[in-house]
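K.L.:
3D model of this:
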Amino acid sequence: MTLYHIHLVMARNKEFPEGNVHRGYDIHAPLDADGHLDKQAWEKSPSSSTVMRFWDGERSALGYLVHHPKGGWAFDYDPADDDDDETGYRLSNHIFKTGEYISIRDHGADELHTFVIDSVSKAG
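P.N.:
Next comes the predicted model:
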């Protein structure tokens, strides 16, 4: 299985008109030939798909990319606590390539934050 390093940074919004490179995610996940999250490859080794959330000087949160039985992808920072999960908006449909936008719902909030894919490269 080939893992890719996907680097997301906060896109422009009201609070940050220029975006914010100090808020985002580093994801290691398998992608298919079209750049979609590869569920079949993920199922072979789910613990290989990781996420690190960085947020303006806060301590980085380390977790896993998980696929919920209802069909959605999420970032899970504590497997014993579903309340900490951050869900992605239609991540199954997104193509992970530089310049594309992705929305993620912060845990404990109804608000979606939009991120831009800053880079995608094979994880080494």
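
K.L.:
So for stretch 41-49, what gets flagged as buried?
P.N.:
Neighbour counts over stretch 41-49 (16 or more other C-beta atoms under 10 Å) mark Ala41, Trp42, Ser48, Ser49 as buried. C-beta coordinates here come from the backbone N, C-alpha and C atoms, glycine included.

K.L.:
Following element in sequence after the helix or strand of the chain with the lowest mean pLDDT, please.
P.N.:
Ranked by mean pLDDT, DSSP states H and E, the weakest helix or strand in the chain is strand 86-88, scoring a mean of 85. Next along the chain after strand 86-88, taking DSSP states H and E as the criterion, comes strand 101-105.

K.L.:
re earlier: would you format the buried residues of stretch 41-49 as a markdown table with distance to Leu65 included?
P.N.:
What follows is the buried residues of stretch 41-49, written out as a markdown table (distance: C-beta to C-beta, whole Å):
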| residue | distance to Leu65 |
| --- | --- |
| Ala41 | 12 |
| Trp42 | 7 |
| Ser48 | 9 |
| Ser49 | 4 |
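
K.L.:
could those residues go into CSV alongside pLDDT, secondary structure and distance to Ile6?
P.N.:
Shown next, in CSV, are these (pLDDT from 0 to 100; DSSP: H, G, I helix; E, B strand; the rest coil; distance: C-beta to C-beta, whole Å):
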residue, pLDDT, secondary structure, distance to Ile6
Ala41, 95, helix, 14
Trp42, 95, helix, 13
Ser48, 96, helix, 14
Ser49, 96, coil, 10
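
K.L.:
other SSEs contacting the least confident helix or strand of the chain?
P.N.:
On a contact count with 3 or more C-beta pairs under 8 Å, 6 or more residues apart in numbering; DSSP states H and E, strand 86-88 meets strand 73-76, strand 101-105.

K.L.:
residue ranges of the helices in the protein, please?
P.N.:
Assigned by DSSP state H, the helices in the chain fall at 39-44.

K.L.:
Pull the contacting residues for the residue lying closest to Pro79 once chain neighbours are set aside.
P.N.:
Leaving aside its chain neighbours, Pro79 sits nearest to Tyr64 (7.7 Å; criterion: C-beta to C-beta, 6 or more residues apart in numbering). Going by C-beta atoms under 8 Å, 6 or more residues apart in numbering, Tyr64 touches Pro46, Ser47, Ser49, Thr50, Val51, Phe75, Asp76, Pro79.
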